[in-house]
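Chemist: kindly return the folded structure for what I paste below:
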Amino acid sequence: MTSQNFDGKNDTITPEQVQYWDQKHLIHPWSEFSEDGFDMTQVSRADGIYLYDAHGNKLIDGPGGMWCVNIGYGRKEMADAISEQIMKMTYSSPWFTTNEPAAMLAKVITEKTPGDLNRVFFSNGGSDAVDTALRFVQYRNNVIGKPDKKKILCREKGYHGSSYLAATVSGTGREHDRRYMDTHHDLAIMLPNINPYMRPTGTSVEEWCNAKISEMEETILSIGPDQIGCFIAEPILASGGVIVPPPGYHKRSLELCKKHDIVYISDETVTGFGRLGHWFASKEIFGIQPDIITCAKGLTSGYLPMGAAIISESLIDSIKNKDGSQPFTNGYTYSCHPVAAKAALTNIDIMSRDGILEHVRKISPHFQNRLRNLGKKYDIIGDARGVGLLGCLEGLGSKNSSEEARLKIDTEFGQMMDEACEKRGLLVRPIINMCVFSPPLIITQSEIDDMFDILEDAIVEVQQNYS
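Modeler: Numbers count the residues shown, from 1 in each chain. Next comes the predicted model:
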């Protein structure tokens with residue numbers, strides 16, 4: 001790698017220099033501030049489903065960036081479209097002007113949303129989209145004369161972002177990571193874990209679902225429906241460990257929200273734009289019609305930052321022409337950004353032209369079959385779960401392990417799997433005793449086999465440490 005100095009001279013930059021600058025100056029998400037530096041994998045280039053580190057090693061991108069690189073890396077037409085838009089018009093203020101890419105993108109998105117989700121607010125990413133949705137609910141209730149209806153139902157193990165309001169409604173369960181971060185405790189009402197894997201021995205999935213719905217209604221009644229403005233939920237709890245709620249849970253929770261006049265927000269930051277084989281998963285996969293959908297990540301396939309809160313026409317209609325109505329004073333400098341909008345339009349065109357949604361639906365059964373076979377085959381795997389091109393392996397520890405080893409695996413399994421996979425040519429995302437993956441949607445069946453062959457080899461290595 002070469003870099004031009006201020007004096008115009010070109011110097012060769014070594015991977016070691018980059019690593020030093022990274023540790024000396026760069027604060028990453030979820031950074032730990034300790035004396036010992038941590039050498040992150042240094043990515044130098046990417047193509048298709050592959051990343052290449054600074055030493056030229058080829059790695060399958062198992063997490064798909066951060067659940068986001070849906071069409072894969074290195075799409076020249078994305079670069080061309082972005083470059084063309086930059087030269088045509090880099091920016092326009094969303095307060096005083098509109099622009100063709102943003103207006104067209106809003107139209108295209110609403111053609112793909114279920115029901116009357118016809119109004120789109122563009123943000124910088126998923127956290128901002130969630131903040132926008134939550135603030136809209138609070139704003140609406142002020143306008144319609146329900147100023148006390150502000151509390152937010154959310155779920156343990158759910159994740160909605162890192163901004164203050166989004167973090168407040170996130171319950172990823174990483175208490176050891178969150179104990180020094182403040183949130184608005186009085187605003188969020190956290191519902192218990194819905195992961196079927198956690199149900200007591202002898203409890204059926206149906207009984208578990210019934211219990212979770214009962215807990216939800218009891219919570220609503222104890223707090224008071226007149227105090228609760230909305231319920232925010234991911235169709236699949238991604239960062240919580242790819243948790244798939246029990247069948248029927250989504251429909252029944254929506255019915256409770258309708259019964260008690262609670263706005264239902266479906267956070268499709270991960271599941272939107274093809275991850276489960278559809279533009280949006282709420283209606284197509286789970287049969288629910290949310291009041292608001294939030295999305296980001298796959299909207300541009302990670303080529304540029306962008307998110308959106310998509311609001312139903314019925315919610316908008318409920319505040320029209322109300323006495324005392326005020327503007328929705330929520331906005332960002334980069335809302336409706338023309339270059340990001342052009343990237344999203346091009347991304348959607350590529351997905352449509354290349355039949356990527358159909359491809360995901362076709363290969364997902366093979367992906368899920370390989371995933372579940374690992375869970376059946378190895379004692380160290382407590383659960384293997386997923387939907388579409390989302391997967392998680394949750395470590396349990398060998399049945400012959402000592403109690404000390406089984407407790408140790410709670411904090412080390414994910415990291416050990418990460419290390420074992422990376423040296424074999426695969427990146428996964430470690431989350432305590434889990435490793436999760438969501439590869440680019442363009443992955444082929446043979447590449448899926450390569451990925452799971454590496455995962456299996458890594459499991460064998462990790463299991464040997466706990467045998």
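Chemist: what's the neighbour count on residue 126?
Modeler: By the measure other C-beta atoms under 10 Å, the count of residues near residue 126 is 31. All C-beta spots, glycine's among them, are computed from the backbone N, C-alpha and C.
Chemist: show the backbone phi and psi for it.
Modeler: phi -70, psi -40 (degrees, to the nearest 10).
Chemist: against residue 293, how distant is it?
Modeler: In this view, residue 126 and residue 293 are 12 Å apart by C-beta to C-beta, to the nearest Å.
Chemist: now swap in residue 318 and tell me
Modeler: 18 Å.
Chemist: now residue 80
Modeler: 30 Å.
Chemist: what does residue 229 give?
Modeler: 17 Å.
Chemist: give me the more crowded residue out of the two.
Modeler: More crowded of residue 229 and residue 293, by other C-beta under 10 Å: residue 293, with 32 against 22.
Chemist: need phi/psi at the more buried one.
Modeler: Dihedral angles (degrees, to the nearest 10) for residue 293: phi -120, psi 130.
Chemist: which residues are in contact with it?
Modeler: Residues near residue 293 by C-beta atoms under 8 Å, 6 or more residues apart in numbering: 113, 117, 265, 266, 267, 268, 272, 280, 282, 309, 310.
Chemist: which residue is the nearest non-sequential neighbour of residue 394?
Modeler: residue 383 (4.3 Å; C-beta to C-beta, 6 or more residues apart in numbering).
Chemist: what's the local residue count around residue 425?
Modeler: Neighbour count of residue 425, defined by other C-beta under 10 Å: 14.
Chemist: enumerate every residue touching it.
Modeler: Applying C-beta under 8 Å, 6+ apart, the residues near residue 425 are 57, 58, 59, 60, 454.
Chemist: go again using 10 Å as the cut-off
Modeler: Each residue near residue 425 by C-beta atoms under 10 Å, 6 or more residues apart in numbering is listed here: 50, 57, 58, 59, 60, 450, 451, 454.
Chemist: so which elements touch the helix or strand where residue 266 lies?
Modeler: Assessed by DSSP states H and E, residue 266 sits inside strand 263-267. Helices and strands touching strand 263-267, by 3 or more C-beta pairs under 10 Å, 6 or more residues apart in numbering; DSSP states H and E, are helix 126-143, strand 151-155, strand 228-233, helix 249-259, helix 281-284, strand 292-295, strand 307-312.
Chemist: helix or strand right after the second one?
Modeler: Sequence-wise, the next helix or strand downstream of strand 151-155 (DSSP H and E) is helix 164-168.
Chemist: and that following helix, what's buried?
Modeler: Neighbour-count burial for helix 164-168 flags 165, 166, 167, 168 (criterion: 16 or more other C-beta atoms under 10 Å).
Chemist: can you tell me the closest non-neighbouring residue to the first one?
Modeler: If the residues on either side of it in the chain are set aside, residue 165 comes closest to residue 131, at 4.7 Å by C-beta to C-beta, 6+ apart.
Chemist: what about the helices in the stretch 51-200 of the chain?
Modeler: Applying DSSP state H, counting those that start in this stretch to the stretch 51-200 of the chain gives helices spanning 64-67, 76-88, 100-110, 126-143, 164-168, 175-178.
Chemist: same list, those, but as JSON lines with mean pLDDT and distance to residue 378 please.
Modeler: Shown next, in JSON lines, are the helices of the stretch 51-200 of the chain (pLDDT from 0 to 100; distance: least, C-beta to C-beta, whole Å):
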{"stretch": "helix 64-67", "mean pLDDT": "97", "distance to residue 378": "24"}
{"stretch": "helix 76-88", "mean pLDDT": "98", "distance to residue 378": "39"}
{"stretch": "helix 100-110", "mean pLDDT": "98", "distance to residue 378": "42"}
{"stretch": "helix 126-143", "mean pLDDT": "97", "distance to residue 378": "34"}
{"stretch": "helix 164-168", "mean pLDDT": "94", "distance to residue 378": "35"}
{"stretch": "helix 175-178", "mean pLDDT": "56", "distance to residue 378": "27"}
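Chemist: make a markdown table out of those helices and add distance to residue 220.
Modeler: Shown next, in a markdown table, are the helices of the stretch 51-200 of the chain (distance: least, C-beta to C-beta, whole Å):
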| stretch | distance to residue 220 |
| --- | --- |
| helix 64-67 | 30 |
| helix 76-88 | 44 |
| helix 100-110 | 31 |
| helix 126-143 | 15 |
| helix 164-168 | 19 |
| helix 175-178 | 25 |
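Chemist: next one: residue 458 from residue 48, what distance?
Modeler: According to C-beta to C-beta, residue 458 and residue 48 sit 22 Å apart.
Chemist: neighbour count winner among those two?
Modeler: residue 458 (23 against 18).
Chemist: which strands and helices lie in contact with whatever helix or strand the more buried one lives in?
Modeler: Assigned by DSSP H and E, residue 458 falls within helix 445-464. Helices and strands touching helix 445-464, by 3+ C-beta pairs under 10 Å, 6+ apart, are strand 58-61, helix 356-377, strand 381-387, strand 390-395, helix 403-422, strand 426-427, strand 434-437.
Chemist: hang on, the earlier thing: and the helices and strands packed on strand 263-267: which comes nearest residue 391?
Modeler: helix 281-284 (15.5 Å; C-beta to C-beta).
Chemist: give me the helices and strands touching that closest one, please.
Modeler: helix 249-259, strand 263-267, strand 292-295.
Chemist: and for the first one, what's in contact with it?
Modeler: Residues outside helix 249-259 that contact it (C-beta under 10 Å, 6+ apart): 153, 155, 191, 194, 196, 205, 208-210, 212-213, 216-217, 219-220, 225, 228, 230-231, 233, 235, 245-246, 262-266, 281-282, 285-291.
Chemist: buried ones in it?
Modeler: Those would be 249, 250, 252, 253, 254, 256, 257, for helix 249-259 by 16+ other C-beta under 10 Å.
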